[in-house]
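K.L.:
Quick one, fold the following:
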Amino acid sequence: MIRLATTIEHWPIAGRFTISRGSRTEAVVVTATITDGTITGRGECVPYARYGETVEGVRDLIAAQGEALAAGLTRQDLAARMPAGAARNALDCALWDFEAKRTGTPAHGLAGIPAPAPVTTCYTLSLGAPEEMAAAAHLAAARPLLKVKLGGAGDPERIAAVRGGAPDSRLVVDANEAWSAETLEANLAACAAAGVELIEQPLPAGDDGLLARIARPIPICADESLHGEVDLDALRDRYDAINIKLDKAGGLTEALRLARDARERGLSIMVGCMLGTSLAMAPAMLLSGYADVVDLDGPLLLARDRDPGLLFEGSLVHPPQPALWG
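P.N.:
Numbers count the residues shown, from 1 in each chain. As a prediction, the model looks like this:
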């Protein structure tokens, strides 16, 4: 009989992680573990207050599926029983892991996609004063791809400072909904001058219609405005790309479907993450074959990671070994 366990874990961040909505010094994750006594499958999620989630609420949503799992619940059944979000993600990924280990078939084989290869991930620079961000960029200047957190007033100075600190790195910007109609033009111009290649979620979700009425000198990527497949058609006039995160989509099962549908609509894809351990990143590696940009640097921002974790060589992240996931 299948048994389910949930755990809340705290992982210290190396320093402080700051975006437009605030700062934190630890990543709080929830894990789902399913076992038949011989085989064990695991999944990890990161509850996110922006989407109305709490750590305890997510844990309880996962735990509530224990009886159904014992009765034979499969990952194909989850969408009918649980809303998209962190809880469903942890359970979906645990079921993928369990099935892979039970059948001896890697998760990519179960999904019918090629095995993931090593890929370059973004490395995130936290929001701060321009001089702080310039110093952080200088320390990370050997990394080929930097993701820069911006946050509103003073962003032109911040992105210019980052470019000065890392003159050779490719840049992606994430505003986390912090810009407005009044600041959009100046911020876009500053990003263009700095050679930014992609901008995530400049305007608040639900108040981003302006993006359909302006010239977009840099591709714009939907993050908070996108959760699932139902959002894709509504986004096409405002966005050029989407950020697929397992915690938003509700797991790998839905994320794979979303990636295929986005490609059919001509949208570019970023594969992103919340701030978690390698266990949260590992399933998302299966999406890397669809991605134009990979942002799976969560473990690089932690003071320590799980053991075993993903192998990082600088910004090159390798696919997970079965001992970790899949």
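
K.L.:
contacting residues for residue 145?
P.N.:
120-123, 169-172, 293, 315 (C-beta atoms under 8 Å, 6 or more residues apart in numbering). Every residue, glycine included, has its C-beta placed from N, CA and C.

K.L.:
try residue 281
P.N.:
Taking C-beta under 8 Å, 6+ apart, one finds 273, 296, 298-299, 310, 317, 320 in contact with residue 281.

K.L.:
Including neighbour count, could those residues go into CSV?
P.N.:
Putting the contacts of residue 281 into CSV (neighbours: other C-beta atoms under 10 Å) gives the following:
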residue, neighbour count
273, 23
296, 25
298, 29
299, 24
310, 24
317, 25
320, 25
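
K.L.:
and those, which of them are in strands?
P.N.:
Secondary structure assignment by DSSP state E places residue 317 of the contacts of residue 281 in strands.

K.L.:
Including distance to residue 163 and pLDDT, could the contacts of residue 281 go into a markdown table?
P.N.:
Conversion of the contacts of residue 281 to a markdown table gives the following (distance: C-beta to C-beta, whole Å; pLDDT from 0 to 100):
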| residue | distance to residue 163 | pLDDT |
| --- | --- | --- |
| 273 | 25 | 96 |
| 296 | 24 | 98 |
| 298 | 25 | 97 |
| 299 | 26 | 98 |
| 310 | 29 | 98 |
| 317 | 24 | 98 |
| 320 | 34 | 98 |
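
K.L.:
As CSV, the contacts of residue 281 with distance to residue 24 would be great.
P.N.:
Supplementary listing: these in CSV, determined by distance: C-beta to C-beta, whole Å:
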residue, distance to residue 24
273, 15
296, 19
298, 13
299, 16
310, 22
317, 23
320, 25
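
K.L.:
Now for the spatially most central residue of the chain: which residues touch it?
P.N.:
Closest to where the C-alpha atoms of the chain average out (C-alpha atoms, centre = their mean) is residue 273, at 1.6 Å. Taking C-beta under 8 Å, 6+ apart, we find residue 273 in contact with 245-247, 280-281, 284, 295-298.

K.L.:
And residue 190, which helix or strand is it part of?
P.N.:
Take DSSP states H and E as the rule and residue 190 turns out to sit in helix 181-193.

K.L.:
Show the average pLDDT along that helix.
P.N.:
When pLDDT is averaged over helix 181-193, the result is 96.

K.L.:
Also stretch 114-125?
P.N.:
Mean pLDDT, computed over stretch 114-125, is 98.

K.L.:
Just the CA atoms of that stretch, as PDB, please.
P.N.:
Presented in PDB, the C-alpha positions along stretch 114-125 are these (Å, rounded to 0.1, in the frame of the first residue of the first chain):
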ATOM      1  CA  PRO A 114      14.800  13.000 -25.200                       C
ATOM      2  CA  ALA A 115      17.100  12.800 -22.200                       C
ATOM      3  CA  PRO A 116      18.000  16.200 -20.900                       C
ATOM      4  CA  ALA A 117      21.500  17.500 -21.600                       C
ATOM      5  CA  PRO A 118      23.600  19.900 -19.500                       C
ATOM      6  CA  VAL A 119      22.400  23.500 -20.000                       C
ATOM      7  CA  THR A 120      23.500  26.900 -19.000                       C
ATOM      8  CA  THR A 121      21.300  28.500 -16.300                       C
ATOM      9  CA  CYS A 122      20.700  32.100 -15.400                       C
ATOM     10  CA  TYR A 123      22.400  33.300 -12.200                       C
ATOM     11  CA  THR A 124      20.200  35.700 -10.300                       C
ATOM     12  CA  LEU A 125      21.400  39.100  -8.900                       C
END
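
K.L.:
If you count neighbours, what's buried in it?
P.N.:
Of the residues in stretch 114-125, 116, 119-125 count as buried by neighbour count, 16 or more other C-beta atoms under 10 Å.

K.L.:
could these go into JSON lines alongside secondary structure and distance to residue 202?
P.N.:
Converted to JSON lines, the buried residues of stretch 114-125 look like this (DSSP: H, G, I helix; E, B strand; the rest coil; distance: C-beta to C-beta, whole Å):
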{"residue": "116", "secondary structure": "coil", "distance to residue 202": "30"}
{"residue": "119", "secondary structure": "strand", "distance to residue 202": "26"}
{"residue": "120", "secondary structure": "strand", "distance to residue 202": "24"}
{"residue": "121", "secondary structure": "strand", "distance to residue 202": "22"}
{"residue": "122", "secondary structure": "coil", "distance to residue 202": "17"}
{"residue": "123", "secondary structure": "strand", "distance to residue 202": "21"}
{"residue": "124", "secondary structure": "strand", "distance to residue 202": "17"}
{"residue": "125", "secondary structure": "strand", "distance to residue 202": "17"}
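
K.L.:
Which residue ranges of the chain form strands?
P.N.:
Applying DSSP E to the chain gives strands spanning 3-19, 22-35, 40-45, 119-120, 123-125, 145-149, 170-174, 196-200, 220-222, 241-244, 268-271, 293-294, 312-313, 316-317.

K.L.:
Take the ones you listed and lay them out in a markdown table including distance to residue 325.
P.N.:
Putting those into a markdown table (distance: least, C-beta to C-beta, whole Å) gives the following:
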| stretch | distance to residue 325 |
| --- | --- |
| strand 3-19 | 15 |
| strand 22-35 | 11 |
| strand 40-45 | 7 |
| strand 119-120 | 16 |
| strand 123-125 | 22 |
| strand 145-149 | 23 |
| strand 170-174 | 26 |
| strand 196-200 | 26 |
| strand 220-222 | 26 |
| strand 241-244 | 18 |
| strand 268-271 | 15 |
| strand 293-294 | 17 |
| strand 312-313 | 16 |
| strand 316-317 | 13 |
